[in-house]
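Visitor: Starting from these lines, generate the structure:
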Amino acid sequence: MDKNIEIETEHHETSNQPYGQLRVDYAIPSVEEYRALRKEAGLTQITEEAAAKGLPNSLFSVTLRLGQELIGMGRVSGDGGVFFLITDIAVKPSHQGKGYGRKLMEEIMDYLSREVPAGSFVTLIADKPADRLYAQFGFQLVSPRSEGMYWRQPGGL
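Guide: Numbering: from 1, shown residues only. Modelled structure (predicted):
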């Protein structure tokens with residue numbers, strides 16, 4: 001089953017935004033849209049090469065659009081059995097505070113509830129204050145028992 005293609009479109013009327021209809025798509029954005037959204041949302045920059053390689057390998061991707069404009073997205077990557085990583089939760093600053101981050105997490109949690117085998121791990125790295133959002137979905141800090149760590153390939157952007 002290929003989850004890298006659009007498999008469903010929903011339309012939602014939302015009372016807390018004046019733009020009409022919000023479209024939820026289970027699809028990966030283009031490399032250009034992805035990189036632009038990450039930049040605008042203040043996330044670390046990803047090279048075009050890395051984005052082109054990584055996006056198609058997503059286990060799950062959800063985008064939020066108003067008309068054709070990409071205003072938010074989130075992804076799940078991992079091995080599809082034992083480890084799952086929630087990443088790229090991003091909402092354009094001009095659309096933050098309207099519940100769109102919560103909507104992204106609801107869609108991701110629906111996917112995870114269906115697909116994650118019992119006993120498997122779902123992780124994420126939370127920037128503050130977004131950690132409060134993730135806690136509402138049952139995510140817990142790993143410290144003091146463990147600490148999150150990362151390594152990044154030198155160079156790039």
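Visitor: In contact with the residue nearest to residue 86 when sequence neighbours are not counted, which residues?
Guide: Counting by C-beta to C-beta, 6 or more residues apart in numbering, residue 124 is the residue found nearest to residue 86 once chain neighbours are left out, at 4.0 Å. All C-beta spots, glycine's among them, are computed from the backbone N, C-alpha and C. Contact analysis of residue 124 by C-beta atoms under 8 Å, 6 or more residues apart in numbering lists 85-87, 89, 134, 139.
Visitor: Of those residues, just say which sits nearest to residue 37.
Guide: When these are compared for distance to residue 37, the smallest value, 10.8 Å, is given by residue 89; criterion: C-beta to C-beta.
Visitor: any idea how far residue 95 is from that closest one?
Guide: Applying C-beta to C-beta, to the nearest Å, the value for residue 89 to residue 95 is 13 Å.
Visitor: what's the answer for residue 38, then?
Guide: Residue 38 is 15 Å from residue 95, where distance means C-beta to C-beta.
Visitor: Residue 117 now?
Guide: 34 Å.
Visitor: What does the pLDDT read for residue 19?
Guide: The pLDDT attached to residue 19 in the predicted structure is 41.
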